[in-house]
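Visitor: kindly generate the corresponding structure for this input.
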Amino acid sequence: MVVKEKEKQEQNVTEAAKPHKKVVNKKKFAVALLVIAVFLVLIGILAVKGVQNYQEEHLQPELQLKGEKELTLKLGEEYIEQGASAKAKEEDISDRIFQNGEVDNQKIGEYVIRYQVSNKRGKQETTVERKVHIVDDIKPEIKLNGAEKVTIAKGEKYKEEGAKATDNYNGDLTEKIQITGEVKTDTIGDYKVTYTVADESGNEASVTRTVQVKEKKAVVTTSGKGLPVLMYHNFYDKNNFKAPNNNWMEISDFEAQVKYLVDNDYYFPTWKEVEDFIDGKITLPSKSIVITSDDGDDSFFDLAIPILKKYQAKGTSFVITIHAASDVKKYQSNLISLQSHSHDMHRSGKDGKGRILTIPKAEAVKDLKKSQEILGGSTVFCYPFGHYNDAAKAAIKEAGFTLAFTIKSGRVYKGSNKLELPRIRMSKGVTLNQFKAMVK
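Guide: This is a model prediction of the structure:
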């Protein structure tokens with residue numbers, strides 16, 4: 001009886017617990033639904049995020065140049081960088097632009113400036129380019145060597161002096177100069193010689209020289225006074241230099257003298273004509289004259305040559321070649337003759353005499369030939385210090401010189417000793433009237 005009562009009580013307890021169990025199950029179900037909902041939300045968020053990431057990875061940024069896509073600048077003109085702008089959707093990402101390339105405005109050519117920008121993920125990139133052309137439009141500068149107008153006698157040899165050309169970019173273009181035009185020295189007339197040069201950009205420049213071939217002046221036998229050969233040494237400008245001795249000729253006085261000779265139709269013979277005159281092969285106009293200057297001083301090249309060219313008067317410099325510049329031959333022209341004053345014999349020995357008198361003949365000949373080599377074939381000689389003797393004359397004759405000048409005063413005549421020729425010394429302070437009397 002007791003057992004049944006106990007079983008009954010336990011059954012009652014079990015029945016009482018059943019509603020509570022249902023409540024627990026409902027709670028579990030609700031939690032499960034919540035978990036599922038959260039999971040679904042998370043999946044949705046991740047899906048949206050994934051879509052956004054995909055879009056960001058595959059979004060092509062917009063990149064646009066500021067300023068012109070292609071421009072041309074002159075050589076040396078400043079290039080101003082204007083940059084570019086970039087967007088991703090509506091967001092400004094200009095600060096992420098990477099720029100590559102430079103412009104050298106001192107060098108002709110085409111330059112490319114490249115601008116690149118990528119999206120946030122770095123998966124998509126946009127590139128634009130700007131082209132910059134640096135060009136040279138400046139013509140080369142070309143100048144004639146020698147005079148713009150040259151006059152030669154019919155039959156006289158024309159020496160082409162050429163020209164020089166430089167360019168702001170290409171530098172020295174002298175070797176690229178093209179010379180056109182022909183001078184027929186056996187036919188009287190005016191001839192044009194044109195010098196043309198172009199730089200690598202095609203800029204072209206040219207100059208023209210007029211060569212006038214004229215009939216040689218009527219030949220009249222020189223007067224009994226003979227041919228005056230003038231002897232100068234140094235030149236100076238009184239405005240900025242004080243001459244130390246009488247060997248210096250003031251340049252304005254020299255110009256007045258040359259102008260007088262030209263204005264009064266003096267004839268300037270070539271050295272070949274002087275030699276032929278001495279040999280009696282030809283006669284010279286009664287007003288003939290030769291201008292010489294000793295030592296090859298810089299002042300002759302800097303001051304005297306421009307005067308001679310200005311008046312189209314011939315002149316000769318006797319050059320000590322050991323002191324001459326390597327390019328001394330560039331001064332040779334139809335007007336300017338460079339002749340020898342020895343290579344290294346214009347200095348005295350212990351006895352005070354010029355070296356040409358004291359050194360062995362073979363050594364003297366070697367020195368003379370060296371000077372000829374530097375000058376390009378000199379045939380006229382001037383004795384250093386005016387010192388000479390039979391040995392000196394033998395040396396210059398062996399070296400191939402045909403005329404030689406001393407410092408003795410006098411004029412050159414038909415039959416004069418060709419290796420002992422005199423001259424007329426020109427000194428500082430000679431007035432124009434004195435000069436006229438000296439050359440008359």
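Visitor: now the stretch 51-200 of the chain, which segments are flagged as low pLDDT?
Guide: 51-58, 121-123 (pLDDT under 70).
Visitor: go again with 90.
Guide: For the stretch 51-200 of the chain, applying pLDDT under 90 flags the ranges 51-60, 88-91, 119-124, 145-159, 161.
Visitor: likewise the stretch 201-350 of the chain?
Guide: Low-confidence segments of the stretch 201-350 of the chain, defined by pLDDT under 90, are located at 214-225, 286, 325-330, 332-334, 348-350.
Visitor: where along it do the helices fall?
Guide: Using DSSP state H, counting those that start in this stretch, the helices of the stretch 201-350 of the chain run over 251-263, 271-278, 298-299, 305-311.
Visitor: how about stretch 168-183: buried residues?
Guide: Judged by neighbour count using 16 or more other C-beta atoms under 10 Å, the buried positions of stretch 168-183 are 169, 170, 173, 177, 183. For glycine as for every other residue, the C-beta is placed from the backbone atoms N, C-alpha and C.
Visitor: per-domain residue ranges of the chain.
Guide: Domain assignment for the chain by automatic domain parsing gives 62-135, 137-215, 217-439.
Visitor: could you single out the most deeply buried of these?
Guide: Between those, the one whose residues have the most neighbours on average, counting mean count of other C-beta atoms under 10 Å, is domain 217-439 (a mean of 18).
Visitor: still on that earlier bit, mind putting the helices of the stretch 201-350 of the chain in JSON lines, distance to residue 149 included?
Guide: As requested, those are exported to JSON lines (distance: least, C-beta to C-beta, whole Å):
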{"stretch": "helix 251-263", "distance to residue 149": "13"}
{"stretch": "helix 271-278", "distance to residue 149": "22"}
{"stretch": "helix 298-299", "distance to residue 149": "25"}
{"stretch": "helix 305-311", "distance to residue 149": "10"}
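Visitor: and of these, who's closest to residue 128?
Guide: helix 305-311 (59.4 Å; C-beta to C-beta).
Visitor: which helix or strand lies directly C-terminal to the helix or strand hosting residue 38?
Guide: Secondary structure from DSSP states H and E places residue 38 in helix 2-58. Using DSSP H and E, the next helix or strand after helix 2-58 towards the C-terminus is strand 62-65.
Visitor: can you name the residues that contact the nearest residue to residue 212 once chain neighbours are set aside?
Guide: The shortest distance from residue 212 to any residue that is not its chain neighbour, by C-beta to C-beta, 6 or more residues apart in numbering, is 4.6 Å, and that residue is residue 151. Taking C-beta atoms under 8 Å, 6 or more residues apart in numbering as the contact definition, residue 151 lies against 211, 212, 214, 312.
Visitor: quick one: which of these is nearest residue 43?
Guide: residue 211 (100.5 Å).
Visitor: quick one: the closest one and residue 150 touch, right?
Guide: Yes: contact status for residue 211 versus residue 150: in contact at 4.9 Å, counting by C-beta atoms under 8 Å.
Visitor: what sits in contact with each of these two?
Guide: When contacts are counted by C-beta under 8 Å, 6+ apart, residue 211 and residue 150 have residue 158 as shared neighbours.
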